[in-house]
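Quick one: sequence plus predicted model below, questions after.
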Amino acid sequence: MLSLNSGYINGLCLSGMVGPDQQGVSAFTATYTKSGLALAAGDPKLFGFEFTLILSFIGGAFVSGAMNPDAVPHKLVPSYGPTFLIGSMCMIASAIFGVTLPDKRALYYFAAMANGLQNGMTSTYTANLIRTSVLGGTSTDIGLIAGQMLRGNMKNYWKFKVLIGLASSFWLGGLISFYSAHRFLAQSLWFSAVLYLLVGL
């Protein structure tokens, strides 16, 4: 469900229908590159936007680490609920900015922060096995394990199934975001805020 939500948030922000840009807020390899290109091209405004997005995602992961400083992998602890409530507040802020200031970029920063927070929590809980907001490593692992299975090594088949489920969920979130953005525009961001709230409670 969390991977679907992250794909949904990312899809909304990439749609160009909830804010002034078509900007991803979950995977940051392109954002790092775009910030470097903007700096090299002498475009401080674009550099500032891209760099602030990076800091927002890192800030979300920072909050997750600060809320769960002694987290033990594969063990739910009481601080996870309040951490998701902070994620909900981030998405509430994103939705408010998207609705009230649709020509401004603030909604992207809060959406990126929520994704960073979620990715930090799932990474901590699974001992870095699963990341629900960034699929670069997931896609790499799918390819690696598929290659190993082709050669008869089925040891990680269980992990392959989990990773395929995560990637499919993220993809489905993007698909759903298309219809949601067309129907509800920036109001679509409220759905993610409510999901985080329900998980946090």
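It's in.

helices or strands up against the helix ranked longest in the chain?
If you go by DSSP state H, the chain has its longest helix at helix 157-184. On a contact count with 3 or more CB pairs under 8 Å, 6 or more residues apart in numbering; DSSP states H and E, helix 157-184 meets helix 2-15, helix 136-150. Bear in mind the C-beta positions are built from the backbone N, C-alpha and C, glycine included.

Can you check which of those gets nearest to Val99?
Nearest to Val99 among those is helix 2-15 (12.6 Å), distances taken as CB to CB.

Convert the C-alpha atoms of the closest one to CSV, please.
Extracted in CSV, the C-alpha atoms of helix 2-15 (Å, rounded to 0.1, in the frame of the first residue of the first chain):
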residue,chain,number,x,y,z
LEU,A,2,2.8,2.4,0.8
SER,A,3,4.5,1.8,-2.5
LEU,A,4,1.2,2.4,-4.3
ASN,A,5,0.9,5.7,-2.3
SER,A,6,4.3,6.8,-3.3
GLY,A,7,3.7,6.1,-6.9
TYR,A,8,0.5,8.0,-6.7
ILE,A,9,2.1,11.0,-5.1
ASN,A,10,4.9,10.9,-7.7
GLY,A,11,2.4,10.5,-10.5
LEU,A,12,0.4,13.5,-9.4
CYS,A,13,3.5,15.7,-9.2
LEU,A,14,4.7,14.5,-12.6
SER,A,15,1.3,15.0,-14.2
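
Dump the helix or strand just after it to PDB, restricted to CA.
Counting by DSSP states H and E, the next helix or strand C-terminal to helix 2-15 is helix 29-40. Extracted in PDB, the C-alpha atoms of helix 29-40 (Å, rounded to 0.1, in the frame of the first residue of the first chain):
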ATOM      1  CA  THR A  29      18.700  10.600  -9.600                       C
ATOM      2  CA  ALA A  30      17.200  12.900 -12.200                       C
ATOM      3  CA  THR A  31      16.800  15.700  -9.700                       C
ATOM      4  CA  TYR A  32      20.500  15.500  -8.800                       C
ATOM      5  CA  THR A  33      21.500  15.600 -12.500                       C
ATOM      6  CA  LYS A  34      19.000  18.500 -13.200                       C
ATOM      7  CA  SER A  35      20.400  20.600 -10.300                       C
ATOM      8  CA  GLY A  36      24.000  20.100 -11.600                       C
ATOM      9  CA  LEU A  37      22.900  21.000 -15.200                       C
ATOM     10  CA  ALA A  38      21.000  24.100 -13.900                       C
ATOM     11  CA  LEU A  39      24.000  25.300 -12.000                       C
ATOM     12  CA  ALA A  40      26.300  24.700 -15.000                       C
END
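
Mind exporting the C-alpha coordinates of whatever helix or strand comes next after helix 29-40 to PDB?
Going down the chain from helix 29-40, the next helix or strand is helix 44-67, by DSSP H and E. Extracted in PDB, the C-alpha atoms of helix 44-67 (Å, rounded to 0.1, in the frame of the first residue of the first chain):
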ATOM      1  CA  PRO A  44      20.100  29.700 -10.200                       C
ATOM      2  CA  LYS A  45      16.300  29.600  -9.900                       C
ATOM      3  CA  LEU A  46      16.100  26.000 -11.400                       C
ATOM      4  CA  PHE A  47      19.100  25.000  -9.400                       C
ATOM      5  CA  GLY A  48      17.500  26.200  -6.200                       C
ATOM      6  CA  PHE A  49      14.300  24.400  -6.900                       C
ATOM      7  CA  GLU A  50      16.000  21.100  -7.700                       C
ATOM      8  CA  PHE A  51      18.400  21.300  -4.800                       C
ATOM      9  CA  THR A  52      15.600  22.200  -2.300                       C
ATOM     10  CA  LEU A  53      13.700  19.100  -3.500                       C
ATOM     11  CA  ILE A  54      16.700  17.000  -2.700                       C
ATOM     12  CA  LEU A  55      17.000  18.600   0.700                       C
ATOM     13  CA  SER A  56      13.200  18.000   1.300                       C
ATOM     14  CA  PHE A  57      13.500  14.300   0.600                       C
ATOM     15  CA  ILE A  58      16.600  14.000   2.800                       C
ATOM     16  CA  GLY A  59      14.800  16.100   5.400                       C
ATOM     17  CA  GLY A  60      11.900  13.600   5.400                       C
ATOM     18  CA  ALA A  61      14.400  10.700   5.900                       C
ATOM     19  CA  PHE A  62      16.100  12.700   8.700                       C
ATOM     20  CA  VAL A  63      12.800  13.100  10.500                       C
ATOM     21  CA  SER A  64      12.200   9.400  10.200                       C
ATOM     22  CA  GLY A  65      15.700   8.700  11.700                       C
ATOM     23  CA  ALA A  66      15.200  11.300  14.500                       C
ATOM     24  CA  MET A  67      11.800   9.800  15.400                       C
END
